[in-house]
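> I would like to see how this sequence folds:
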Amino acid sequence: MSYKTVNYETKGSIAIIALNRPEKLNAVNAQMVQDLGSALDVAEGDAEIRAIVLKGEGKAFSAGFDLDMGEDDSGDPTGFLRRELEKDFNIIQRFWDSPKPTVSAVQKYCLGSGMEIAVACDITVAAEGCRFGAPEVKFGSGIVSLILPWVIGAKQAKELLLTGDDKVSSERALQMGLVNRVVPPGEEFDEAMKIARSLVLADRVGVELTKRAINRTYEIMGMRQALLQALELGISVEASETPESKEFNKILEKDGAKAAIAWQEKRLADDA
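Numbering: from 1, shown residues only. Reported below is the predicted structural model:
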């Protein structure tokens with residue numbers, strides 16, 4: 001299969017999907033959301049595929065979702081914002097909802113909603129030296145999929161999300177329950193493939209139904225409804241405007257994401 005922003009290949013009964021914008025640290029843009037959806041459609045529709053591995057090309061897994069959502073020519077900025085964030089939310093949840101087990105292999109940077117995608121996978125392998133975090137509150141952005149409290153608990157999720165901490169180490173991520181395993185750099189994909197092969201060797205129906213049963217437990221606890229309500233609040237955050245977010249977006253539009261982030265980090269350092 002050929003896509004603009006992801007690579008897709010199969011090895012036996014394993015589908016491998018790779019985020020492929022290495023020059024942008026695999027920041028997820030609208031095209032990648034579309035490509036990921038198409039790649040998942042193919043993997044899930046292939047009866048021979050029994051596990052899915054997600055990785056990032058280049059030196060990083062993903063620096064998060066692209067801050068630039070693209071041009072809005074709809075004349076309805078709020079509606080445009082809602083549609084884009086709903087697409088982002090849905091692609092994250094695809095990895096959680098997939099009928100086939102999903103394994104993510106992450107390295108260097110696993111930030112923002114890129115981290116949410118990795119955590120939404122059933123099993124996550126991290127390289128030593130990988131940096132995790134969710135800096136959204138620093139930029140006046142909302143959380144797309146508030147899955148962290150369901151995975152690591154309220155106390156740790158609040159510490160991470162309310163401070164905008166984006167310097168969580170692989171070792172701390174393991175302690176928090178963000179990831180399942182930590183391996184030396186360069187071995188994360190091989191370890192993810194090893195896990196995927198063990199999933200392939202297990203009984204297909206047993207794996208699929210057990211995953212469904214676990215996910216159903218969270219559904220009964222109200223996870224889906226909670227995530228959708230959190231998305232509404234996230235849309236409200238994105239649509240709101242403070243002096244800080246106004247200036248950040250002004251720099252973002254004029255000089256790009258790197259300059260806007262540098263301005264924000266300097267402002268935070270000056271206030272410290």
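
> so who does residue 7 touch?
16, 17, 18, 20, 57 (CB atoms under 8 Å, 6 or more residues apart in numbering). All C-beta atoms are positioned from the backbone trio N, CA, C, and that covers glycine.

> any idea which of the residues you listed has the most stuff around it?
In terms of neighbour count, residue 17 stands highest of the contacts of residue 7 at 24 neighbours, by other CB atoms under 10 Å.

> That residue: what secondary structure?
strand (DSSP: H, G, I helix; E, B strand; the rest coil).

> give me the beta-bridge partners of it?
residue 8, residue 54 (DSSP bridges).

> Would you check how far apart residue 3 and residue 81 are?
Distance, residue 3 to residue 81, by CB to CB, to the nearest Å: 25 Å.

> Tell me which of the two has more neighbours.
A count of neighbours by other CB under 10 Å puts residue 3 above the other of residue 3 and residue 81, at 18 against 15.

> Looking at the nearest residue to that one once chain neighbours are set aside now. What's its pLDDT?
In space, and not counting its chain neighbours, residue 3 is closest to residue 35: 4.0 Å by CB to CB, 6 or more residues apart in numbering. Note for residue 35: predicted pLDDT of 98.

> ok, now residue 245?
So, for residue 245, pLDDT stands at 69.

> which residues in the protein form strands?
Assigned by DSSP state E, the chain shows strands spanning 6-11, 14-19, 51-56, 102-106, 109-111, 123-127, 131-133, 181-183.

> Single out the most deeply packed of these.
strand 102-106 (a mean of 29; mean count of other CB atoms under 10 Å).

> re earlier: tabulate the strands of the chain in a markdown table, adding columns for mean pLDDT and distance to residue 153.
Converted to a markdown table, the strands of the chain look like this (pLDDT from 0 to 100; distance: least, CB to CB, whole Å):
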| stretch | mean pLDDT | distance to residue 153 |
| --- | --- | --- |
| strand 6-11 | 98 | 32 |
| strand 14-19 | 98 | 28 |
| strand 51-56 | 98 | 24 |
| strand 102-106 | 98 | 20 |
| strand 109-111 | 96 | 19 |
| strand 123-127 | 98 | 16 |
| strand 131-133 | 97 | 16 |
| strand 181-183 | 98 | 19 |
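
> Dump these into a markdown table; add distance to residue 246 as well.
As requested, the strands of the chain are arranged in a markdown table below (distance: least, CB to CB, whole Å):
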| stretch | distance to residue 246 |
| --- | --- |
| strand 6-11 | 34 |
| strand 14-19 | 31 |
| strand 51-56 | 32 |
| strand 102-106 | 33 |
| strand 109-111 | 23 |
| strand 123-127 | 36 |
| strand 131-133 | 24 |
| strand 181-183 | 40 |
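
> which residue sits closest to residue 131 in space, ignoring its chain neighbours?
residue 109 (5.5 Å).

> in the sheet, who's paired with residue 124?
residue 104.

> OK, contacts around it?
Here residue 124 is in contact with 103, 104, 106, 118, 178, 179, 180, 181 (CB under 8 Å, 6+ apart).
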